[in-house]
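*Asks:* below is the sequence, then the predicted model.
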There are 2 protein chains.
Amino acid sequence: MIQAKAQPLLEYINRFVTLTHEEETIVLSSVKYRKYLKGQYIVQQGDVCKYSSFILSGCTKTFYVDDKGQEHIIMFAIEDWWTSDIGSFITQSSADYNVQCLEETETIQFSYYGQEELLKKVPKLERLFRMMLERAFVASQKRIVRNFSLTAKEQYLHFKEQYPEIEQRIPQYMIASYLGITKEFLSKIKSELASE
Amino acid sequence: MIQAKAQPLLEYINRFVTLTHEEETIVLSSVKYRKYLKGQYIVQQGDVCKYSSFILSGCTKTFYVDDKGQEHIIMFAIEDWWTSDIGSFITQSSADYNVQCLEETETIQFSYYGQEELLKKVPKLERLFRMMLERAFVASQKRIVRNFSLTAKEQYLHFKEQYPEIEQRIPQYMIASYLGITKEFLSKIKSELASE
DNA sequence: AAATAATGTTAAACTAGATTAACTTTTATT
DNA sequence: AATAAAAGTTAATCTAGTTTAACATTATTT
């Protein structure tokens, strides 16, 4: 039953490493399919992040609530992306972030121990995760650089250009939070851009 | 000859994966020792980053020069840390960042092709790199969150607490650049802290 | 020991973006 | 269709951090 659902995951994996049919079977036997409703949490700040989730459909936001009660969106994730609180997942300690579904969201999930077992059986996947993390780390560093070197307007234009699909699907006030600005200021930026 | 120098690298690796004596020999045969003088560049913006460098002694800064000619420090690295422009290294395309030595710096270097070969011979090291990247990515995400949720003063205090050794060794204006503030404002923060 | 370069400080004027608050538009619920 | 809730806008006031510029201190070189 999971075979049918998990096709996009296998395709994703095969972009990095080539799996035999047997290895694909092992992968599928160590993951679970799970569907969340809009508004549900995949991870909650304070809990241990038990799963690393590959998104089949839908959309999530990862956010942090600071001491002053302010919400800061760290990332969005859509089809073919992964989401989790990696820090919590790899150490199995309590999560710093929340991952919440912004739409009905279908996932394929790797549990921490399931993934460890899987890596023993198919060590080739270490390479997959290594490569995924390289990309994630590079993207994260670039975001830091943009924060320091671009104005809010430039960052917004970059976001629109880099993630047009996400920009369409998500309320503006969440994009403002992702960019680290207020919704009022984003609104001002948009009206400036409109009159240019 | 490299055996004597490379001891800290082997110790570092063994914190993540256990290598046989044979595997250690393979590792050593695929790396090079190189010493840089203060001021020399390990990587230059625009060049292809040929090496991933493990630091035996010394200190480096990784920085980006933006369109307006402004320098933004992305990271420092000292003994037992790795440095490179990963984005450039993994794709062997031109680097976005510079890595410059702030002191005389001794390194052990993995070339791109050397590392690929090494990973074929000792696939166990995929796990090492995967784990290193997990940590690097988590740290990078946390830095983004701090940028968004802390004031400049709070970020400076966090830096001092997290990297006391680095804070001692490096001019204040570079710390200001790392924190994304001006040296004048850091100076003000310090005088406020002093009079508290 | 002087001279120069590098680093750090202080303070006044300025600006990007935050805050507050009132209002409009869109979307979902009954 | 009416109501409520969620999302977005506008504008005035405010503030954290920047800019500019002059000066002070500490290293480095001759």
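*Replies:* Happy to help now that I have it. Residues are numbered from 1 along each chain as shown, chains lettered A, B, ... in the order given.
*Asks:* helix or strand for A:Arg143, which one?
*Replies:* helix A:124-149 (DSSP states H and E).
*Asks:* oops, could you answer that again for A:Ala77 instead?
*Replies:* Here A:Ala77 is assigned to strand A:71-78, by DSSP H and E.
*Asks:* just A:Glu106 next, same as before
*Replies:* Per DSSP H and E: strand A:105-111 holds A:Glu106.
*Asks:* who in chain A is up against DNA strand C?
*Replies:* Residues of chain A lying near DNA strand C by C-beta under 7 Å from any atom of the strand: A:151-153, A:180-182, A:184-185. From N, CA and C alone the C-beta is placed, and that goes for glycine too.
*Asks:* any idea which helix or strand in chain A has the lowest mean pLDDT?
*Replies:* Least confident helix or strand of chain A, by mean pLDDT, DSSP states H and E, is helix A:2-5 with a mean of 83.
*Asks:* where's that helix relative to the chain centroid, distance-wise?
*Replies:* 21 Å (C-alpha atoms, centre = their mean, to the nearest Å).
*Asks:* can you give me the end-to-end span of stretch A:110-126?
*Replies:* One end of stretch A:110-126 sits 14 Å from the other (C-alpha to C-alpha, to the nearest Å).
*Asks:* wait, does that stretch make contact with chain B?
*Replies:* Yes. Residues of stretch A:110-126 are located near chain B by C-beta under 8 Å from any C-beta of the partner chain, namely A:119, A:123, A:126.
*Asks:* other residues contacting the next helix or strand after the strand holding A:Ala77?
*Replies:* Per DSSP H and E, the first helix or strand lying C-terminal to strand A:71-78 is strand A:82-83. Applying C-beta atoms under 8 Å, 6 or more residues apart in numbering or on different chains, the contact partners of strand A:82-83 are A:42, A:52-55, A:60, A:62, A:75, A:77, A:99, A:132.
*Asks:* and the helices in chain A?
*Replies:* A:2-5, A:7-14, A:21-29, A:86-91, A:112-121, A:124-149, A:152-162, A:164-169, A:172-179, A:183-194 (DSSP state H).
*Asks:* say whether DNA strand D is contacted by the last one.
*Replies:* So the one you mean is helix A:183-194. Yes. Using C-beta under 7 Å from any atom of the strand, we find that helix A:183-194 touches DNA strand D at A:183-184, A:186-188, A:190-191.
*Asks:* when you scan that helix, is anything in it near chain B?
*Replies:* No. Helix A:183-194 does not reach chain B (C-beta under 8 Å from any C-beta); its nearest approach is 13.8 Å.
*Asks:* pull out the buried residues from the residues of chain A next to DNA strand C.
*Replies:* By neighbour count, with 16 or more other C-beta atoms under 10 Å in any protein chain shown, the residues of chain A next to DNA strand C hold A:152-153, A:180-181 as buried.
*Asks:* intersect the residues you listed with the contacts of chain B.
*Replies:* Restricting those to those near chain B by C-beta under 8 Å from any C-beta leaves A:Gly180.
*Asks:* quick check: the two most widely separated of the buried ones among the residues of chain A next to DNA strand C?
*Replies:* Pairwise distances across those (C-beta to C-beta) peak at 13.0 Å, for the pair A:Lys153 and A:Gly180.
*Asks:* thanks a lot, see you next time.
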